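A.B. asks: would you be able to build a 3D model of this:
(one chain, ligands or ions: 1)
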Amino acid sequence: MQILDGKVCSDFYRAQVSETVKKIIALNEKPPRLSVFLVGDNQSSAMYIRMKEKACRETGIETRTHVLSEETSEADIIELIKKENADSQTSGILVQLPLPKKYNETRILSNIEAAKDADCFLPENIGHMFLGNKETVISCTPLGVMKLLNYYKIDVAGKDVCIIGRSNIVGKPLALLMLAANATVTICHSKTKNLPEVAKRADILVAAIGRARMIDETYVKPGAVVVDVGINHVEVGNGKSETCGDCDFEKISKVAGAITPVPKGVGPMTIAMVLYNTVYNYILMKKLDIKMDIGPKF
Ligand code: NAD
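C.D. replies: I've put the predicted structure just below:
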């Protein structure tokens with residue numbers, strides 16, 4: 001059974017990002033900048049942002065983080081987003097979700113200029129991704145999954161791929177990318193009947209559910225590749241918690257051919273792809289003659 005190591009793989013792609021940033025600077029450009037908005041007091045969001053800032057620093061991307069209290073008005077957040085839109089060095093804008101309940105996420109996100117969308121959250125960029133246009137960013141987690149499979153030379157063409165989860169940030173865009181890579185895709189969700197039976201038909205099973213260790217060996221065809229997107233924090237007593245995926249790693253590893261661990265699986269790939277999108281946007285914005293292979297091989 002092979003471990004699909006997201007840390008090793010993300011280091012490989014981060015090195016590519018780093019090289020590309022060096023090429024940008026060699027053209028007398030400033031480094032690309034990722035501008036991040038953290039609103040309210042969400043500990044997980046703050047941790048994800050620190051990880052993204054560190055990854056940016058290590059690859060030569062500049063960061064600017066707007067840490068805003070929940071008292072900040074929607075109009076003020078939008079005003080700051082517009083300033084970032086107007087700043088020619090900023091090529092990635094990321095509003096860390098979820099926002100506190102009082103805000104209208106869609107309205108806030110819609111103020112990000114599509115050319116600076118670091119997450120592929122905007123309808124315009126989702127449309128480009130849907131159409132398979134090359135000159136666009138791609139949703140970070142799905143892109144990270146495709147690149148992880150690519151890195152380990154797991155060809156998805158002609159394979160039966162089952163994705164459990166249909167969210168706008170994971171399940172749906174991943175299905176599009178898999179389809180574009182010639183997989184036969186089944187999308188499952190909370191209303192799917194006979195889920196273990198459907199999942200067990202898959203050569204590649206992706207879990208993006210948000211339910212700790214829900215998927216066990218009864219969902220997995222012997223030899224299948226299992227990609228665990230889930231990040232769950234479960235109490236282990238004494239006020240401590242541990243991070244685990246949507247898959248029961250111990251049980252599945254007895255039957256699967258390959259599996260991503262949690263942590264150090266899809267998570268680091270998502271971060272690497274935020275960097276990718278930020279640098280790719282910069283190249284497109286400035287019309288630089290630098291090649292960057294953003295999409296998975298179709
Ligand atoms: P979501 O809550 O938006 O969507 C969950 C999906 O799972 C829904 O489509 C729902 O229909 C389906 N679902 C829920 N219960 C189910 C059940 N019992 N059986 C079958 N399907 C069921 O979640 P999301 O934003 O897509 O995130 C999913 C998980 O992935 C979460 O654990 C999240 O933390 C994690 N995540 C990880 C990364 C990463 O970088 N690794 C990125 C994004 C999300």
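
A.B. asks: can I take it that Thr270 is in a helix?
C.D. replies: Yes: the assignment for Thr270 by DSSP: H, G, I helix; E, B strand; the rest coil puts it in a helix.

A.B. asks: so what's the backbone phi/psi at the closest residue to Ala256 other than its chain neighbours?
C.D. replies: Computed as CB to CB, 6 or more residues apart in numbering, the closest residue to Ala256 that is not its neighbour in sequence is Val226, at 4.8 Å. All C-beta spots, glycine's among them, are computed from the backbone N, C-alpha and C. In terms of degrees, to the nearest 10, the main-chain angles of Val226 are phi -120, psi 120.

A.B. asks: residues contacting Val226?
C.D. replies: The neighbours of Val226, taking CB atoms under 8 Å, 6 or more residues apart in numbering as the test, are Ile204, Leu205, Val206, Ala207, Ile215, Val220, Cys247, Ile252, Ala256, Ala258, Ile259, Thr260.

A.B. asks: ok, what's across the strand from Leu38?
C.D. replies: According to DSSP bridges, Val67 are recorded as the beta-bridge partners of Leu38.

A.B. asks: what's the distance between it and Ile112?
C.D. replies: 15 Å (CB to CB, to the nearest Å).

A.B. asks: tell me the one among the contacts of Val226 nearest to Ser18.
C.D. replies: The closest of the contacts of Val226 to Ser18 turns out to be Thr260 (CB to CB; 23.5 Å).

A.B. asks: residues contacting the closest one?
C.D. replies: By CB under 8 Å, 6+ apart, the contact set of Thr260 is Ile3, Leu4, Gly6, Leu148, Val226, Val227, Asp228, Gly245, Val266.

A.B. asks: the ligand versus that one, what's the distance?
C.D. replies: Note on Thr260: its distance to the ligand, by CB to the nearest ligand atom, to the nearest Å, is 9 Å.

A.B. asks: quick one: contacts for the nearest residue to Ser44 once chain neighbours are set aside?
C.D. replies: Taking CB to CB, 6+ apart, and ignoring the residues beside it in sequence, Ser44 has His233 as its nearest neighbour in space, at 7.8 Å. Under the criterion of CB under 8 Å, 6+ apart, the neighbours of His233 are Ser44, Ser241, Glu242, Thr243.

A.B. asks: which of the residues you listed fall in strands?
C.D. replies: Among the contacts of His233, the members found in strands (DSSP state E) are Ser241, Glu242, Thr243.

A.B. asks: the residues you listed into CSV, with extra columns for neighbour count and distance to the ligand?
C.D. replies: Supplementary listing: the ones in strands among the contacts of His233 in CSV, determined by neighbours: other CB atoms under 10 Å; distance: CB to the nearest ligand atom, whole Å:
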residue, neighbour count, distance to the ligand
Ser241, 12, 14
Glu242, 11, 14
Thr243, 14, 10
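
A.B. asks: got those as a markdown table, with distance to Lys102 and pLDDT columns?
C.D. replies: Putting the ones in strands among the contacts of His233 into a markdown table (distance: CB to CB, whole Å; pLDDT from 0 to 100) gives the following:
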| residue | distance to Lys102 | pLDDT |
| --- | --- | --- |
| Ser241 | 27 | 91 |
| Glu242 | 31 | 94 |
| Thr243 | 28 | 95 |
